[in-house]
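Colleague: Quick one, what's the 3D model for this:
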Amino acid sequence: MNRYFVPFAQLRRQPTIVVDSTGLGAALTLAHWRGAATPETLRDDTSAGSCLRALRSPATPGLEAQAVTANHFDIDGFIGVWVLLNAELALTHEELLRLVATLGDFREIDWQHPLADHALQLACWLNAEEKARFYEPFGAPARRRREDEASAEKFAWFLPRFAEILLDPEKGRAAWQPEYARVKTAVVALQGPLTQRTDYPEIGLVVLRTPAPGPYYALFGPTSGFDWVLSIYDGQRYELECKYTTWIDLASRPTLPRLPLAPLATRLNELEKSNYRWVADQLTDTGPLLRLAGRPLSKAERYADPDGRPIYASSLAAGAIENEVVDYLQKGYAGIQPKTYWTWAEVRVAWRQS
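Modeller: Prediction:
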């Protein structure tokens, strides 16, 4: 079947498959977004994974539609769209494409996997070309453009070019090499003796003590199975992040619901003696951060790597921060059992009752 991409605004002009998005009138939705109408048998951790499942279930109602769309451009969404337009090649490289989508959305990867380097190269190529030729993720509003409209230009450029880099990453080395090298250097550092990791599996928390901030792919890479990361850097600098894994409908494992970070920020501000104040993003942000604030960060800055934004020194010792975070999560999750497919209504009820 010869499928083709259409801008999101053209969704209702013909039967259309919607990837990594939701939209009224879709012939078929293949998205891991919370509450998306993805058929139960096609649910997957990533939207690209759902697209790959669909290719192996050709009788799926709606899959006969030839038009494919998405309302934004990111790695997972792009891979999902590309998969539907390049079915045979996609199924041949399914394992690799799943790794790329997971790395792009969750920043998670097993560095011992034989395809990990290839996946990182492809993700870095997509990132580099996107920033060089268009704009950074979440950067459309700053340019007074709508993401669903502006992203169509990215799809138009990447869709006919991705296969060549998939099959021969060396052809894209000039683009992917800088970020790739930065990530690999950070991975080595995070695996070294100056980094200490403590896991709290009962509350889904990883605590990483490491000298300096680095790229997300290195920081979050080995945190699969956990949904909170507390980063403790030298100089009493800290960030707590609730991962994107609890914004979407994760299919592979049960999760605990998100907890709002504002009450924890209030508690830390009672203890903080520096000139900075603890601030927290909203519960429904894709990756809520708790951090000491200087000037407010844009969404694009919060999505960018930790070493690309200022992280301020706290008056609180690292042990005190860790204790406060662990105590808050333990109390918040008391009596709550992990499960799959939380609704936002259930998330709000859970934390109000905690």
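Colleague: Flag the shaky bits of the chain, pLDDT-wise.
Modeller: Applying pLDDT under 70 to the chain flags residues 138-144, 353-354.
Colleague: Let me know the outermost residue of it.
Modeller: residue 273 (33.2 Å; Cα atoms, centre = their mean).
Colleague: Can you tell me the closest non-neighbouring residue to residue 200?
Modeller: Counting by Cβ to Cβ, 6 or more residues apart in numbering, residue 200 lies nearest to residue 326, which is 6.1 Å off, once chain neighbours are set aside. Just so you know, the C-beta spots here come from the backbone N, C-alpha and C atoms, and that holds for glycine as well.
Colleague: again but with residue 280, I slipped
Modeller: Once flanking residues are discounted, residue 280 sits nearest to residue 261: 3.4 Å by Cβ to Cβ, 6+ apart.
Colleague: For the one you found, the count of nearby residues, please.
Modeller: Neighbour count of residue 261, defined by other Cβ atoms under 10 Å: 25.
Colleague: list the contacts for residue 316?
Modeller: Applying Cβ atoms under 8 Å, 6 or more residues apart in numbering, we find residue 316 in contact with 236, 238, 268, 271, 272.
Colleague: And it, how far from residue 328?
Modeller: Per Cβ to Cβ, to the nearest Å, residue 316 is found 14 Å from residue 328.
Colleague: re earlier: among the contacts of residue 316, which one lies nearest to residue 91?
Modeller: Proximity of those to residue 91 (Cβ to Cβ) peaks at residue 238, which lies at 43.8 Å.
Colleague: list the contacts for the closest one?
Modeller: Taking Cβ under 8 Å, 6+ apart, one finds 230, 231, 232, 291, 292, 311, 314, 316, 318, 321 in contact with residue 238.
Colleague: Among the residues you listed, which ones are in strands?
Modeller: Members of the contacts of residue 238 lying in strands (criterion: DSSP state E): 230, 231, 232, 291, 292.
Colleague: Now a PyMOL select for only the buried ones of those.
Modeller: A single PyMOL command selects the buried members of the ones in strands among the contacts of residue 238 (16 or more other Cβ atoms under 10 Å):
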select buried, resi 230+231+232+291+292
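Colleague: Can you tell me which of the ones in strands among the contacts of residue 238 lies closest to residue 217?
Modeller: Nearest to residue 217 out of the ones in strands among the contacts of residue 238 is residue 231 (Cβ to Cβ; 14.0 Å).
Colleague: what's the nearest residue to the closest one if we skip its chain neighbours?
Modeller: Nearest non-adjacent residue to residue 231 (Cβ to Cβ, 6+ apart): residue 239, at 4.9 Å.
Colleague: Would you quantify the distance from the one you found to residue 12?
Modeller: From residue 239 to residue 12 the distance is 42 Å (Cβ to Cβ).
Colleague: Who has more neighbours out of the two?
Modeller: residue 239 (18 against 11).
Colleague: residues contacting that one?
Modeller: 213, 230, 231, 289, 290, 291, 306, 311.
Colleague: Could you work out the end-to-end span of stretch 154-163 for me?
Modeller: End-to-end distance for stretch 154-163, by Cα to Cα, to the nearest Å: 15 Å.
Colleague: Going forward, the N-terminal residue is numbered 169.
Modeller: Okay, residue one is now 169; in that scheme the one you just asked about reads as stretch 322-331.
Colleague: Centre of the chain to it, how far?
Modeller: 21 Å (Cα atoms, centre = their mean, to the nearest Å).
Colleague: returning to that earlier point: which members of the contacts of residue 407 are the farthest-apart pair?
Modeller: Longest distance between any two of those is 15.0 Å, between 381 and 458; criterion Cβ to Cβ.
Colleague: between those two, which one's more packed in?
Modeller: Neighbours per residue (other Cβ under 10 Å) separate residue 381 from residue 458, with residue 458 holding more: 23 against 19.
Colleague: what about the spatially closest residue to that one that is not a sequence neighbour, which SS state?
Modeller: The spatially closest residue to residue 458, leaving aside those adjacent along the chain, is residue 408, at 4.1 Å (Cβ to Cβ, 6+ apart). The three-state assignment at residue 408 reads strand, by DSSP: H, G, I helix; E, B strand; the rest coil.
Colleague: looking at it, residue 408 is touching residue 496, isn't it?
Modeller: No. Applying Cβ atoms under 8 Å, one finds residue 408 not in contact with residue 496, separated by 9.5 Å.
Colleague: shared neighbours, these two?
Modeller: Shared contacts of residue 408 and residue 496 (Cβ under 8 Å, 6+ apart): residue 432.
Colleague: out of these two, which sits in the more crowded spot?
Modeller: Looking at residue 408 and residue 496 with other Cβ under 10 Å, you find the greater number of neighbours at residue 408, namely 27 against 19.
Colleague: What separation is there between that one and residue 396?
Modeller: As judged by Cβ to Cβ, residue 408 and residue 396 stand 7 Å apart.
Colleague: With residue 369 instead?
Modeller: Residue 369 is 11 Å from residue 396, by Cβ to Cβ.
Colleague: can you list residues touching both of the two?
Modeller: Common contact partners of residue 369 and residue 396 (Cβ under 8 Å, 6+ apart): none.
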